[in-house]
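**Student:** Sequence and predicted structure below; questions after.
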Amino acid sequence: ELKVEQNPLFLSMQEGKNYTIYCNYSTTSDRLYWYRQDPGKSLESLFVLLSNGAVKQEGRLMASLDTKARLSTLHITAAVHDLSATYFCAVLRAGSYQLTFGKGTKLSVIP
Amino acid sequence: KAGVTQTPRYLIKTRGQQVTLSCSPISGHRSVSWYQQTPGQGLQFLFEYFSETQRNKGNFPGRFSGRQFSNSRSEMNVSTLELGDSALYLCASSPLTSRGETQYFGPGTRLLVL
């Protein structure tokens, strides 16, 4: 059974600081996704990482994938309040079209 | 391009009733997936359809069923509702011509079972 673990689950950080969210998964996969969810809203796609060593950046967010370590990271640079949200990683199980999600990291950026 | 739409947005039902939720994917997308989101269990996969065929099913009881129509629109049905079925039900669509394409989520249907 594929398991996806995110840590931390809660993150409170000051504006301007850097931090990293970690996503570990338990079985082989080379398809990893990051989503953002604002309170009461749906999921917004941030990144799709398709191969080992993939790195993608959008604004203050950068995501990377290490398929050998079964680890993805979402790095936040110089956080701003607008980044406050819950961030989910999700893994596509090998041979299937089913996304398995982590429990999410609730990020609060404090002025 | 219009996004994924889901109807209704909110529903209140009582135990034992049944409910049907609808999802219209982004134009041209042929894959539709359904997920249940609850505070306790998080996001859990229900099922995925492509060209009217169910390709994957999650670990949910048979009370949860779905179907996809020839225009790619999808419906899910929950029969004999239980209190624990209260959740946000999210539909996602993807062109999914290959496995790596993004799934785009709709706004969700919030179901409350009393």
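**Tutor:** Noted; the coordinates are in hand.
**Student:** Could you use CA atoms for every contact and neighbour count after this?
**Tutor:** Will do.
**Student:** Can you tell me the SS state at B:G84?
**Tutor:** helix (DSSP: H, G, I helix; E, B strand; the rest coil).
**Student:** and what of A:P39?
**Tutor:** coil.
**Student:** Thought A:S84 was touching it, still the case?
**Tutor:** No: assessed by CA atoms under 8 Å, A:P39 is found out of contact with A:S84, at 9.7 Å.
**Student:** Tell me which of the two has more neighbours.
**Tutor:** A:S84 (20 against 8; other CA atoms under 10 Å in any protein chain shown).
**Student:** The more buried one touches A:T105, doesn't it?
**Tutor:** No: with contact defined as CA under 8 Å, A:S84 does not reach A:T105; the gap is 10.3 Å.
**Student:** ok, A:F47 - contacts?
**Tutor:** Neighbouring residues of A:F47 by CA atoms under 8 Å, 6 or more residues apart in numbering or on different chains: A:Y33, A:W34, A:Y35, A:K56, A:A63.
**Student:** same thing with B:L11?
**Tutor:** B:T109, B:R110, B:L111, B:L112.
**Student:** now swap in B:A92 and tell me
**Tutor:** B:V4, B:P25, B:V32, B:S33, B:W34, B:Q103, B:Y104, B:F105, B:G106.
**Student:** so how far is A:Y25 from it?
**Tutor:** Applying CA to CA, to the nearest Å, the value for B:A92 to A:Y25 is 22 Å.
**Student:** Report how many residues lie close to the nearest residue to B:F69 once chain neighbours are set aside.
**Tutor:** Nearest residue to B:F69, sequence neighbours excluded (CA to CA, 6 or more residues apart in numbering or on different chains): B:E52, at 5.8 Å. Counted by other CA under 10 Å, the residues lying close to B:E52 total 18.
**Student:** C-alpha coordinates for stretch A:15-26, PDB please?
**Tutor:** What follows is stretch A:15-26, C-alpha atoms only, in PDB (Å, rounded to 0.1, in the frame of the first residue of the first chain):
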ATOM      1  CA  GLU A  15       7.400  36.800   6.800                       C
ATOM      2  CA  GLY A  16      10.800  36.900   5.100                       C
ATOM      3  CA  LYS A  17      12.000  33.600   6.400                       C
ATOM      4  CA  ASN A  18      12.800  30.400   4.500                       C
ATOM      5  CA  TYR A  19      11.500  27.000   5.200                       C
ATOM      6  CA  THR A  20      11.100  23.500   3.600                       C
ATOM      7  CA  ILE A  21       8.200  21.100   3.600                       C
ATOM      8  CA  TYR A  22       9.100  17.400   3.200                       C
ATOM      9  CA  CYS A  23       7.100  14.700   1.400                       C
ATOM     10  CA  ASN A  24       8.100  11.000   1.700                       C
ATOM     11  CA  TYR A  25       6.400   8.200   0.000                       C
ATOM     12  CA  SER A  26       6.700   4.500   0.500                       C
END
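**Student:** Please enumerate residues in contact with that stretch?
**Tutor:** A:2-8, A:70-81, A:89, A:91, A:102, A:105, A:109-111.
**Student:** Residues of chain A that sit close to chain B?
**Tutor:** Residues of chain A lying close to chain B by CA under 8 Å from any CA of the partner chain are A:31, A:33, A:41-45, A:48, A:50, A:96-103.
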